[in-house]
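Trainee: one predicted model, sequence on top.
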Amino acid sequence: MSDSNKPTIHIRTPRVPTPSLINLGINEKLKTGSYVYLIVSGLPLLVYPFFFLSFMMGIFDPRTGDEPLWALLITTTFQSVALGYPCVYVPCVYGAMSAAKNRDLKRETKYAKFAFYYFVFAIVLLVLWSLVSAH
């Protein structure tokens with residue numbers, strides 16, 4: 001087989017590059033206040049797997065039927081808010097980073113504060129839930 005008959009390898013590069021962390025805005029500098037809001041509101045994610053397991057086991061816990069309606073409402077609301085926490089936190093972080101990439105400080109702070117307010121809402125529900133479950 002001669003050299004001219006050997007197959008050649010063609011490397012094709014895509015026209016649109018695949019997104020990377022740099023394209024997502026991960027390398028952008030957030031304001032200090034936004035960092036504080038996002039870090040404080042991100043701390044519950046460290047214990048989230050334990051909450052998730054306990055709430056999944058609690059779903060199948062039989063009810064006695066003697067619970068007041070408001071106690072069931074607070075319990076169900078807290079469990080729903082706690083289970084949905086990553087679904088709120090992750091988009092807030094992504095929104096804050098993309099706002100920082102576009103140099104929109106007002107929107108960046110809005111996303112960071114929203115994650116923090118959701119965290120405060122979950123804490124208030126936790127306190128109410130602990131008061132209800134104590135009785």
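Mentor: Nice, thanks for sending it over.
Trainee: phi, psi of Q79?
Mentor: phi -60, psi -40 (degrees, to the nearest 10).
Trainee: equivalent analysis for R63, please.
Mentor: phi -90, psi 150.
Trainee: again, but for I9
Mentor: phi -100, psi 130.
Trainee: count of residues packed around it?
Mentor: Per other C-beta atoms under 10 Å, the neighbour tally for I9 reads 5. Where you see a C-beta, it was placed from the backbone N, CA and C, and this is true even at glycine.
Trainee: state the distance from F51 to W129.
Mentor: 12 Å (C-beta to C-beta, to the nearest Å).
Trainee: cool, V40 as well?
Mentor: Counting by C-beta to C-beta, the gap from V40 to W129 is 21 Å.
Trainee: which one of those two has more residues nearby?
Mentor: With neighbours defined as other C-beta under 10 Å, V40 and W129 compare such that W129 has more, 20 against 14.
Trainee: so what's that one up against?
Mentor: By C-beta atoms under 8 Å, 6 or more residues apart in numbering, the contact set of W129 is 74-75, 78.
Trainee: next one: Y89
Mentor: 41-42, 45, 115, 118.
Trainee: flag every buried residue along the host helix or strand of it.
Mentor: Using DSSP states H and E, Y89 falls within helix 85-101. For helix 85-101, the neighbour count (16 or more other C-beta atoms under 10 Å) marks 85, 88-89, 92-93, 95-101 as buried.
Trainee: and which of these is nearest M56?
Mentor: Y85 (14.4 Å; C-beta to C-beta).
Trainee: let me see the ranges of the helices in the chain.
Mentor: Assigned by DSSP state H, the chain shows helices spanning 32-42, 48-59, 69-83, 85-101, 105-133.
Trainee: hmm, which two among the contacts of Y89 are most spread apart?
Mentor: L45 and Y118 (12.2 Å).
Trainee: shared neighbours, these two?
Mentor: 85, 89.
Trainee: neighbour count: the two, which is higher?
Mentor: Comparing L45 with Y118 by other C-beta under 10 Å, the one with more neighbours is Y118, at 17 against 13.
Trainee: if we ignore the residues flanking it in sequence, what's nearest the more buried one?
Mentor: In space, and not counting its chain neighbours, Y118 is closest to V88: 5.0 Å by C-beta to C-beta, 6 or more residues apart in numbering.
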